[in-house]
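Trainee: task: produce atomic coordinates for the following.
(one chain, ligands or ions: 1)
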Amino acid sequence: MAQYTRVSGSVGLITLQSPPVNALSAAVRQGIVDLMQRALSEPEVKSVVICGQNGIFCGGADIKEFGGQMSGPPLIPMIHAIEAASKPVVAAIEGIALGGGLELALGCHYRIAHSKARVGLPEVTLGLLPGAGGSQRLPRLIGVPAALDLITTGRHVTAAEALKFGLVDQITDHNTVNVAVKFAQRVADQPLDARRISTHPCLCPSDVAVLFEEVMQRVRRTARGAIAPIACVQAVRAAATLPYNQGMERERELMATLFTSGQARALQYFFFAQRAVGRWSMPSGARWDTSKPRPVHKAAVIGLGTMGRGITVALAQAGFSVVAVETQEKQLMEAKQAISGMLERGAKRRGVAPALDKINYGRNIQSVADVDLVIEAVFEDMALKKKVFQQLSAVCKPSTFLCSNTSGLDIDQLACQTRNPELVVGMHFFAPAHVMKLLEVVYGPKSSPLAVATAMQLGKKIGKVSVAVGNCRGFVGNRMLKPYLEQALFLLEEGATPEFVDQVLEEFGFAMGVFRMSDLSGLDVGWKVRLADGLAMPDPTMGQPTRLRQGRRYSPLGDLLCEQGRFGQKTGRGWYQYDKPGSQVAKPDPWLHSFLDEYRARHALVAHRIDHQEVLERCLYSMINEGFRILEDGIAAGPEDIDVIYVFGYSWPRHRGGPMFYAATVGLNKVLERLEHYYQAHPDVPSLQPCHLLRKLVASGSPPIQKWREVIKKVRSQL
Ligand SMILES: CCCCCCCC/C=C\C=C\CC(=O)SCCNC(=O)CCNC(=O)[C@H](O)C(C)(C)COP(=O)(O)OP(=O)(O)OC[C@H]1O[C@@H](n2cnc3c(N)ncnc32)[C@H](O)[C@@H]1OP(=O)(O)O
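Mentor: Presented below is the predicted three-dimensional model:
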C-alpha cells in the first residue's frame, strides 16, 4: 500500500506502507502507480516526494512474491513512468534503499538520503541481478568501476559513501522527508531532461575491456559455481557497450535466466532460513518469543588456545569486558600477544580503536568469580572439561551461565558437574572464532530456556548466526560430517585418490574438498578423539579386524597417516604434501598414492573406477541421511537449522541452499533410491541405510521443504 498527502501546498508526498521494510509488494506497486498518476494530474502539485513509513525507504522487491504467481503492475514500467514524469520526483531515503528500492530511487530525478541510511543492490545475494533497470542506470550514474563493485558484491554502502559516488544528491542529519519536500519545492520548475539517468551516456574508463576481464576472472574464481555474479558482470557490460534500450533487453534476458534458475530459489530459501533460525524452539516447548535472556555485561574465557583466543577477540570487539584465563604462563604470554595482534588488525580494518582495554588476563580461575557468563575453551578432553566445570561451579556466583565450546562432547555430563545444571549450555564456535559466522548453541536435557535465550542473544551481539540445537555426539554439524568423512575414506580404499574426491566436491561448490579441509584442520584432532573412543587402535586381543568395528566397516587410513606423523598442513604432510610445515599450497603426494596401493593390496581390495556421480552421491547423501536422522531425533527443529549450520560453518555452497534444501532439489525419492542402492552394495555401512523420516517423507509424496516440519512432528509423536 501507499499513502498520498499534499504538503506545503505544492508537493505530492507518496509514502510506501508495507511493514516491516516497505517491500515493493503488488499492493505497494499499485499504490505507487495510482498515486503518481494522481500527483501528475493535480495542477496544484508541482513536484513529488517518495518516502517510506517508519523511517525505512524500501527493502526492495517483496521476496515472498518470487515463489508464486507475480501479479500487480510490473516494476520496470512503473520506474520508467516515474523517470518520464513531467514533474520532478525526489526520493527521500531513510533507513535503507535496497534492491528494487534503490532502483525506484534511481528512477526518481533526485535522491536525498539521511546520513544514517544505507543503500545497495544486494540482488546478487538472492541469485538475481538488479533487474528493474538498476544494472543499466547505476553505471550511467556512478561509473562502471563503482557500479561493478556494488552490483557484483551486493554490499550496502553508507550515505556518505553514496554521496561520494554521486549516487545521492544530498545527505542530511535532519528530518529527511522535510528536507526532501523543501528540495522538491526548490527544483519544481527546473528542467528534467538531464535528471533522467537512462538518457545519460555510460562513461567508461579507457581500459574498460581490461577491467571487465579482470572482474569476470575474479568473480568466476570466487563464485564457486554461482551464476548470478557472472550475469551481473554481463549486465553491466551491456550498459557500457549498448544503447540503454538494448541494455535493458539484455538485462531482461539475463534476469529471466536467473529468476527461473534453481540457484535463485536456493538463495531466496536461504534468506528466510537465516531469519527462521532466530525463532528457535526446544522439545520442551520453550521458544524464542516466550524466553527472556538475561543481560551479560562481563564474560570470561577459560583456555587461550586457538579457539579461546578467537572467542576472546569476538567478545572484546563487541564491547564485552572479558576475563581471559590461561593457566600455563608461556601459553598466556603467547595468547596475549596473539589476541592483541588480532584486535589491532581488526580495528585497523574497521577504522576504530582496538578494544585492548576490554580484556583482563589471568592465570587463576578464581579471577572469574564475578562474571555473568563463562565460555570454557580448554582442550577437547572430557576429564579435563569436567574438572574445569567443577572448579567454575565452586568459584562463580550462582547465577553465572557456564558454557562449553566443545565441538561434540556431552553437555549433560558437564552440566552434572555443577550446582546449577540449568545454567549450562554448549556454545560451539567455529575456527577462526572471531571470523566464522556460525555458533551452535547446544541445550542439554537440563538446560533452561533462560540459558538458551541468553547464549542466543550473546551470539547475536557478537555478530554470529546462532542456531539452537540439541545435545548429541557432534551436535548437528560434526555429527553430519562423520558419514561424509567416512565415505571419503571408503572411496580411497575402493580406488579413488584424495585429489579426485576433492575436485568433485570443489566443483560442487565447497570452498575446499574433504581432504584439503582435513589437512587444514589437522588430522590429529580426529585421531585423538578416535583414540579416546577406542576406535583408532584395534586391540588384536579383542579380535577386531583392522577394517571393522563392532560389525561396521571402519577405515583406519586416517589413523595410519597420523601414526606416520602426517597431521596435515602443520607438519607439511597429510593427504597432500606441502613445501614446508604451515604452507597452504597442497600438492599431490606420490608417497600417498603408493601408500594407498600397498594398503589396498594388503587388504585384498581391488581398486575400481569411481566416477564423479558416485563421489557426490555417497559423500552428500550419507550426510543428508544423517541430517534426516537429526530431524527425526529432534536435535534440530527444522531443515533450515541444518542448512544454516552447513552454509556458515562448513562452507556448503550457499547457492545450493544447504544439504537439506539440496536433497529437496534433487528429489527425496532419488536420494532414497540411491541410498538404498549404496546400502545394498555396502551393508556394513549403517550411515547409508535410509532413515525412517526420509522414507516417511517420500511416502507422504515428498512435500516441499516448508512442509517437512508437519511430517517430522508426526514421526516424532509416533516414537
Ligand atoms: C521471468 C522473468 C521474471 C522477471 C521478473 C523480475 C521482477 C523483479 C524485478 C526486480 C527485482 C528486484 C529485486 C529485489 O529487489 S530483490 C530484494 C532486494 N532486497 C534485499 O535483498 C533486502 C533483503 N533484506 C535485508 O537485507 C534485511 O532484511 C534488511 C532490509 C536490511 C533489514 O534487516 P534487519 O533489520 O536485520 O531485519 P530482518 O532481516 O530480520 O528483516 C525483517 C523482516 O523483513 C523481512 N524482509 C526483509 N526484506 C524483505 C524483502 N525484500 N521482501 C520480503 N520480506 C523482507 C524479513 O524476512 C523479516 O521478516 P521475518 O521477521 O518475518 O522473518
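Trainee: any chance you could map the strands in the stretch 351-500 of the chain?
Mentor: Using DSSP state E, counting those that start in this stretch, the strands of the stretch 351-500 of the chain run over 359-362, 373-376, 401-404, 424-429, 438-443, 465-470.
Trainee: for Phe567, phi and psi?
Mentor: Main-chain dihedrals, Phe567, degrees, to the nearest 10: phi -100, psi 10.
Trainee: now the residue lying closest to it once chain neighbours are set aside: how far from Arg530?
Mentor: Counting by C-beta to C-beta, 6 or more residues apart in numbering, the nearest residue to Phe567 once its immediate chain neighbours are dropped is Asp524, at 4.4 Å. (Each C-beta comes from the backbone N, C-alpha and C, glycine too.) The gap separating Asp524 from Arg530 is 10 Å, by C-beta to C-beta, to the nearest Å.
Trainee: returning to that earlier point: now for the strands of the stretch 351-500 of the chain, which one comes closest to Arg345?
Mentor: Nearest of the strands of the stretch 351-500 of the chain to Arg345, taken as C-beta to C-beta: strand 359-362 at 15.5 Å.
Trainee: contact residues of the stretch 101-250 of the chain facing the ligand?
Mentor: By C-beta under 6 Å from any ligand atom, the residues of the stretch 101-250 of the chain that approach the ligand are Pro122, Glu123, Leu126, Leu128, Gly131, Ala132.
Trainee: so the last one is in contact with Gly100, correct?
Mentor: Which is Ala132. Yes. The criterion here is C-beta atoms under 8 Å, and Ala132 meets it with Gly100 at 5.4 Å.
Trainee: which neighbours do those two share?
Mentor: Jointly contacting Ala132 and Gly100 under the rule C-beta atoms under 8 Å, 6 or more residues apart in numbering are Ala61, Leu75.
Trainee: how about the helices in the stretch 351-500 of the chain?
Mentor: 382-395, 411-415, 449-461, 477-494, 498-508 (DSSP state H, counting those that start in this stretch).
Trainee: export those to TSV and tack on distance to the ligand, mean neighbour count and mean pLDDT?
Mentor: TSV is the format used below for these (distance: least, C-beta to the nearest ligand atom, whole Å; neighbours: other C-beta atoms under 10 Å; pLDDT from 0 to 100):
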stretch	distance to the ligand	mean neighbour count	mean pLDDT
helix 382-395	34	17	97
helix 411-415	29	22	97
helix 449-461	10	22	98
helix 477-494	23	22	97
helix 498-508	25	20	98
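Trainee: circling back: any chance of the strands of the stretch 351-500 of the chain in JSON lines, plus distance to the ligand?
Mentor: Shown next, in JSON lines, are the strands of the stretch 351-500 of the chain (distance: least, C-beta to the nearest ligand atom, whole Å):
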{"stretch": "strand 359-362", "distance to the ligand": "29"}
{"stretch": "strand 373-376", "distance to the ligand": "24"}
{"stretch": "strand 401-404", "distance to the ligand": "25"}
{"stretch": "strand 424-429", "distance to the ligand": "22"}
{"stretch": "strand 438-443", "distance to the ligand": "17"}
{"stretch": "strand 465-470", "distance to the ligand": "12"}
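Trainee: of the ones you listed, which is nearest Thr15?
Mentor: Across those, Thr15 has its closest neighbour in strand 465-470 (33.0 Å, C-beta to C-beta).
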